[in-house]
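Colleague: no FASTA, just this:
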């Protein structure tokens, strides 16, 4: 009878220890999967709706879009940059663009003249589409 009780105790210990090891292993897996899912749950700012982006403060937007941070934090600077890139009010910039295109603008040319020259040079260098 004592042998049967001893065997039952040993079997109980083995089952208990095995259960404890399995439970501990599962909780470790759950912790690592929770950490992995938190990484995959990070929000992609490019997928956010425009309404959400408009509601965010500029500092947070600058963190989300570091390549555009300067334009976000200094909107007056961004307004000076023309999206088309064809016109500008800065004669030094216009002169530099014309010189890069191979034109030789006169030294005494006005901003308007430089803009016209750039528009004309751009129209000539555009592909004809043939």
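Modeller: Now that the structure is in, tell me what you want to look at. Since we're looking at a predicted model, the values are computed, not measured.
Colleague: Poorly predicted segments of this structure, please.
Modeller: Under the criterion pLDDT under 70, the flagged ranges of the chain are 25-42, 77-87, 125-130.
Colleague: which SS class is residue 88?
Modeller: Recorded secondary structure, residue 88: coil (DSSP: H, G, I helix; E, B strand; the rest coil).
Colleague: I figured it was touching residue 96, is that so?
Modeller: No - checked against Cβ atoms under 8 Å, the pair residue 88 and residue 96 is beyond contact range at 10.0 Å. Glycine gets a C-beta too; all of them are placed from N, C-alpha and C.
Colleague: and those two? which has more neighbours close in?
Modeller: residue 88 (17 against 12; other Cβ atoms under 10 Å).
Colleague: And this protein, what are its domain boundaries?
Modeller: The chain resolves into domains spanning 44-81, 84-125 when parsed by automatic domain parsing.
Colleague: Now do the helices in the chain.
Modeller: Here the chain has its helices, by DSSP state H, at 2-40, 50-55, 58-64, 69-73, 75-80, 91-100, 111-125.
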